[in-house]
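[1] sharing a model prediction with you, sequence too.
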Amino acid sequence: MPTDKIEILTAQGQKCVRIYSQKVLKASFLPFVSIPLVHSLCVAMLHELDKIFDTCPAKDESLSNIALGVLATPFMVVPLWGAIAAKAYVETVGKSYLKALVDIHRYSPPPTAQT
């Protein structure tokens, strides 16, 4: 894939991660109530990144994101600090997934024309 296209997709992906991180920060001030909302926003962000890169979800990446979510959830329960933990969780997952998508597009062989 051309480098220019990868750079454009990366910028769109970074903007997506930033937007969802801000949404989570605003939505996570009610500790117990917001935990399902934080996880659903994280999943929505991953789907949005898949749309940007026009790809199918990476199964291996989602398993590691679930593990990170399990580790981050107890920290989201603490009032005020929970918002910071939720934002950090979504940013970490988003940046990790974005890096995986960029690497896939950067290092995948170009499609061959079939005759």
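    Ah, there it is.
[2] and the most centrally placed residue in the chain, what helix or strand is that in?
    Of all residues in the chain, the one closest to the mean position by CA atoms, centre = their mean is residue 94, 2.4 Å from it. For residue 94, the host element (DSSP states H and E) is helix 81-107.
[3] can you list the low-confidence ranges for the protein?
    Low-confidence segments of the chain, defined by pLDDT under 70: 1, 31-32, 57-79, 109-115.
[4] next, residue 56: secondary structure please.
    coil (DSSP: H, G, I helix; E, B strand; the rest coil).
[5] does it touch residue 50 like I think?
    Yes. Using CB atoms under 8 Å, residue 56 makes contact with residue 50 at a distance of 6.9 Å. Every residue, glycine included, has its C-beta placed from N, CA and C.
[6] who's more crowded, those two?
    Legend: neighbour count by other CB atoms under 10 Å for residue 56 and residue 50, higher for residue 50 (15 against 7).
[7] quick check: angle from the helix or strand that the more buried one is a member of to helix 81-107?
    Using DSSP H and E, residue 50 maps to helix 31-53. Taking axes from the mean of the first three to the mean of the last three CA atoms, to 10 degrees, one finds that helix 31-53 is oriented at 20 degrees with respect to helix 81-107.
[8] how far away is the closest residue to residue 13 other than its chain neighbours from residue 52?
    Nearest non-adjacent residue to residue 13, counting by CB to CB, 6 or more residues apart in numbering: residue 98, 4.4 Å away. Distance of residue 98 to residue 52, given as CB to CB, to the nearest Å: 9 Å.
[9] identify the contacts common to those two.
    Any residue near both residue 98 and residue 52 by CB atoms under 8 Å, 6 or more residues apart in numbering counts here, and that gives residue 13.
[10] look at those two and report which has more neighbours.
    Legend: neighbour count by other CB under 10 Å for residue 98 and residue 52, higher for residue 98 (22 against 18).
[11] what residues are up against the more buried one?
    Contacts for residue 98 (CB under 8 Å, 6+ apart) come out as 10, 13, 14, 17, 49.
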